[in-house]
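Q: Got a predicted structure plus its sequence, pasted below:
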Amino acid sequence: LWAMVAASPTRSPAGSIEGHLLLLTDVSERHRQFEELAASEERLRSVFSSADEAIVMTDLEGCIQMANDAAGRLYGDERAPLVGRNAYDFIAPESRAAARVGHELVLRDGVVRDRRYSIVRRDGTTVPVDMTVTAMRDIASKPFGFMCTARDASERQRNEERGRALLESARAASSLADLWEILDQVNRNAARALRCDAVLAFRWSEGDGRFTLLGYHAERAGLVFDLSGVELRKDVDFVARLSAVRTAVIHEGVAQEYLPPELLARFGVKSLVWAQLVVRGVSVGALVALQTTSTLPFSPADVQFVEGVAQFLALAMERSDLYQVQQEEREVAVALAQIGNELLQSLDDPHLLDRLCALSAQVLEGQRSHTLLRDADDGSFRVVAAHGYTEEQCEWIRLLRVPEEMMADVASAFRDSDVRSFVMSDPATGPLGPLARDVGIEAATSLCLRQRDEILGLHVICYDHPQPRGSAAKQRIASGLAELASVALRYRLTVE
């Protein structure tokens, strides 16, 4: 029993104290309520101080009245008191306008939830936070301050960035046809979402048995990846080890068996994620993200993100390859249809071979072209038609006769194919190389014109640069052109 005692003296008529009057009031229930209130306040203090989220109470001007330990950690120094500081001083300049709007909304609506602001910590770094602000009101519903709860949104923001980057990678993979444009967007978006120094994409070539660097994006200025001298064949130990796993994560100072330390040191790599590009169970390449400055390892979420981007990039490469094949088929079909139509219309034209020279130079992107026919009497070859030469050069080459024995080595090259490319600086071209270079020819694609196994002549498309354009489509066009030209030539020889 808890009682409250009130005592007062009783006096005689003369004013002397004769006794005391005691008033006892049972306050057990009130005491119980006081104890419960104290316990509740203690629990609130415990929750307040131990909460993971930062909790700050301010007056209407933002002056901090109370702050828990989590607030101290969030703002950068739990040892330094926040009480007495103004909360708005911690808002980053780029978020102050939004904070002022939030202030007005809280006064109007009573609460504003999960608004993203940037705050400046004591060390000067900027941190994104998600903040909920509630207006505190007195018994008359008049606001007298604010209670703010805030949590570090750095990882949440990173997840949002990774999600956007994945979406953009998926969009690029599905909407773009050009592989280089896809690579540029995917590598750039991935590097920024990961906040790493570079992202590299490799293609696996089954024919060559090696990985080839397709492209990379470097966030750090001056970062260049020169892989010359680095063998990326599958028979190299570290390449074989990487090829055997879907994903590999490497961090400086942590034991790993994938890459030799000297290779990591050569490029200054501190951490790395390797993810294979796999389509229908077959590896088509690899995506690599790396850090050369930060010592922080890639997080599990980062690794999962790289794997997701690798999946999209693998599908994009397959789609691009298919598109490339379709474009190649179209290019070959259109070019051969044009050539066939032109030759068909020119069969009875005495300048058929001149037309062939102009047409082949146009289609195969050469600067000059000429046709040599074999003289049935002495077996020598002479130029009978030309395109792209000066008048003086035309007169000179038309006087030129190439003896049969000089053409023997060249002709032998056409045993297996009707199309061969030559670089004139190659000794294998014999004395023809220097002669060709005298008129500015650095490389040539030669087409064999034949009747069954007999060589009737050669049609040569010439280039003023050392490497002729030799895409697969151009090779197929050249092969088709050789066959069509042989048919046209046989027709003309029959008619004549």
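A: Structure received.
Q: what's the longest helix in the protein?
A: helix 300-345 (DSSP state H).
Q: Excluding sequence neighbours, find me the nearest residue to residue 193.
A: residue 165 (3.6 Å; Cβ to Cβ, 6 or more residues apart in numbering). Glycine gets a C-beta too; all of them are placed from N, C-alpha and C.
Q: shaky segments in the stretch 201-350 of the chain?
A: 228-229 (pLDDT under 70).
Q: again, but for the stretch 1-150 of the chain
A: Applying pLDDT under 70 to the stretch 1-150 of the chain flags the ranges 37-50, 77-80.
Q: if we can go back for a sec, so who does the residue nearest to residue 193 touch?
A: Each residue near residue 165 by Cβ atoms under 8 Å, 6 or more residues apart in numbering is listed here: 189-190, 192-193, 305, 309.
Q: Which helix or which strand is home to it?
A: Assigned by DSSP states H and E, residue 165 belongs to helix 154-175.
Q: That helix: which residues count as buried?
A: 157-158, 161-162, 165-166, 168-170, 172-173 (16 or more other Cβ atoms under 10 Å).
Q: what do you get for stretch 236-245?
A: Applying 16+ other Cβ under 10 Å to stretch 236-245 flags 239, 242 as buried.
Q: Just the buried ones among the contacts of residue 165, please.
A: Buried by 16+ other Cβ under 10 Å: 189-190, 193, 305, 309, out of the contacts of residue 165.
Q: what's residue 242 sitting at in phi/psi?
A: phi -70, psi -40 (degrees, to the nearest 10).
Q: so what's it up against?
A: Residues near residue 242 by Cβ under 8 Å, 6+ apart: 248, 258-259, 274, 286.
Q: Could you pick out which of those are located in strands?
A: Counted as lying in strands by DSSP state E, out of these, are 248, 274, 286.
Q: List the contacts of the last one.
A: Right, residue 286. 201-202, 204, 211, 242, 274-277, 310.
Q: Three-state assignment for the residue nearest the centre of the chain, please.
A: Centroid-nearest residue in the chain, with Cα atoms, centre = their mean: residue 187, separated by 1.2 Å. Taking DSSP: H, G, I helix; E, B strand; the rest coil as the rule, one finds residue 187 in the helix state.
Q: quick one: it and residue 166, what's the gap?
A: According to Cβ to Cβ, to the nearest Å, residue 187 and residue 166 sit 14 Å apart.
Q: same deal with residue 398?
A: Per Cβ to Cβ, residue 398 is found 64 Å from residue 166.
Q: One more: residue 456?
A: Distance from residue 456 to residue 166, by Cβ to Cβ: 60 Å.
Q: same question, residue 303
A: Residue 303 is 13 Å from residue 166, where distance means Cβ to Cβ.
Q: Quick check, residue 197 in contact with residue 223.
A: Yes: with contact defined as Cβ atoms under 8 Å, residue 197 and residue 223 form a contacting pair (6.0 Å).
Q: Comparing those two, which residue is more hemmed in?
A: Comparing residue 197 with residue 223 by other Cβ atoms under 10 Å, the one with more neighbours is residue 197, at 22 against 16.
Q: Next, that one: phi, psi?
A: phi -80, psi -30.
Q: Assign the nearest residue to residue 92 once chain neighbours are set aside to helix, strand or coil.
A: Nearest residue to residue 92 in three dimensions, chain neighbours excluded: residue 118, at 3.8 Å (Cβ to Cβ, 6+ apart). Secondary structure assignment for residue 118 (three-state DSSP): strand.
Q: Just grab the bridge partners of residue 118 for me.
A: Note on residue 118: beta-bridge partners residue 128, judged by DSSP bridges.
Q: Let me see the ranges of the helices in the stretch 51-200 of the chain.
A: 69-75, 96-109, 154-175, 179-194 (DSSP state H, counting those that start in this stretch).
Q: gap between the first one and the chain center?
A: In terms of Cα atoms, centre = their mean, to the nearest Å, the centre of helix 69-75 is set 37 Å apart from its chain centre.
Q: Which neighbouring elements make contact with it?
A: strand 54-59, strand 143-152 (3 or more Cβ pairs under 8 Å, 6 or more residues apart in numbering; DSSP states H and E).
Q: C-alpha coordinates for it, CSV please?
A: C-alpha atoms of helix 69-75 as CSV (Å, rounded to 0.1, in the frame of the first residue of the first chain):
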residue,chain,number,x,y,z
ASP,A,69,24.3,7.5,-31.0
ALA,A,70,23.3,6.4,-34.5
ALA,A,71,22.9,10.1,-35.5
GLY,A,72,26.5,10.7,-34.3
ARG,A,73,27.8,7.8,-36.4
LEU,A,74,25.8,8.9,-39.4
TYR,A,75,27.0,12.5,-39.2
